[in-house]
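Asks: Have a look at this prediction, sequence included:
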Amino acid sequence: MERNPESNGADPNSDDQIEDNEDDDSLALSLSPFPRHAAAVPPGRGRMRRNPTTTPPPGKPATITPPYSWAGNLRANVRSLEYILSLGIFSITGEVCCKRCGGTYRMEFDLVEKFREVAAFIDDNLEEMNCRAPRSWMSPALLNCQICNHMNSVRPVIPQKKQGINWLFMFLGQTVGCCTLRHLKYFLKHNKIHRTGAKDRLVFSAYLEIYQQLRADGRTLI
């Protein structure tokens with residue numbers, strides 16, 4: 001069960017305050033969540049420039065309490081797909097909001113099905129992307145509202161405290177492009193990835209990093 005990461009209280013040692021100042025193995029195998037022809041990111045293609053390791057500012061711990069059961073204990077980090085499945089987690093939930101009626105509710109994505117979809121897209125289009133997010137990632141097709149039935153109007157809720165952003169939910173729904181530059185730079189900073197450039201480069205880097213975190217078990221995708 002996920003923890004509620006949202007809080008309205010101001011914390012001088014929170015990520016947001018500091019950022020403002022700084023600018024069962026067999027189970028996973030049986031489910032075969034990887035696309036049949038997917039391959040690991042080839043050398044020289046879609047490689048991200050990583051910044052040197054930095055130590056957290058004074059008063060800021062290196063690890064956190066994971067805001068979700070599928071998140072790691074590092075900021076802007078998700079567990080590997082194999083690990084998440086081993087916990088018996090097969091659906092990823094998140095909060096969404098209709099930009100038309102303002103209604104909010106929770107929805108879920110099938111973890112394996114949606115991962116296959118995104119992984120296949122990356123595998124088929126990686127070379128053509130040339131380290132830039134495609135239009136479908138930059139301007140995501142939004143879902144219809146379950147409250148007012150307005151079409152193409154539901155966006156993921158992004159908490160005020162960046163530490164609680166539901167990165168896996170947005171990756172599976174392919175809505176990372178809804179993040180602002182501030183959110184994206186937070187994610188890339190804590191994964192030690194170069195974070196300057198146009199937004200399409202930052203969105204591309206965020207997708208590729210989450211994809212690689214999910215594949216952190218090191219298995220070859222076949």
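Replies: In hand now; what should we look at? Residues are numbered from 1 along each chain as shown.
Asks: rest of the way, CA atoms for contacts and neighbours
Replies: Noted.
Asks: Report pLDDT for the residue nearest to residue 93 when sequence neighbours are not counted.
Replies: Excluding the flanking residues, the one nearest residue 93 by C-alpha to C-alpha, 6 or more residues apart in numbering is residue 108, at 4.1 Å. Predicted confidence (pLDDT) for residue 108: 97.
Asks: Which stretches in the chain count as helices?
Replies: 15-22, 25-31, 81-86, 111-129, 135-138, 167-172, 181-190, 199-214 (DSSP state H).
Asks: Pull out the buried residues from stretch 150-168.
Replies: Buried residues in stretch 150-168, counting neighbours by 16 or more other C-alpha atoms under 10 Å, are found at 153-158, 161-168.
Asks: Distance to residue 115 and pLDDT added to those residues, as JSON lines?
Replies: Converted to JSON lines, these look like this (distance: C-alpha to C-alpha, whole Å; pLDDT from 0 to 100):
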{"residue": "153", "distance to residue 115": "23", "pLDDT": "96"}
{"residue": "154", "distance to residue 115": "20", "pLDDT": "98"}
{"residue": "155", "distance to residue 115": "19", "pLDDT": "97"}
{"residue": "156", "distance to residue 115": "17", "pLDDT": "98"}
{"residue": "157", "distance to residue 115": "20", "pLDDT": "98"}
{"residue": "158", "distance to residue 115": "21", "pLDDT": "97"}
{"residue": "161", "distance to residue 115": "26", "pLDDT": "95"}
{"residue": "162", "distance to residue 115": "23", "pLDDT": "96"}
{"residue": "163", "distance to residue 115": "23", "pLDDT": "94"}
{"residue": "164", "distance to residue 115": "21", "pLDDT": "96"}
{"residue": "165", "distance to residue 115": "18", "pLDDT": "98"}
{"residue": "166", "distance to residue 115": "15", "pLDDT": "98"}
{"residue": "167", "distance to residue 115": "13", "pLDDT": "98"}
{"residue": "168", "distance to residue 115": "10", "pLDDT": "98"}
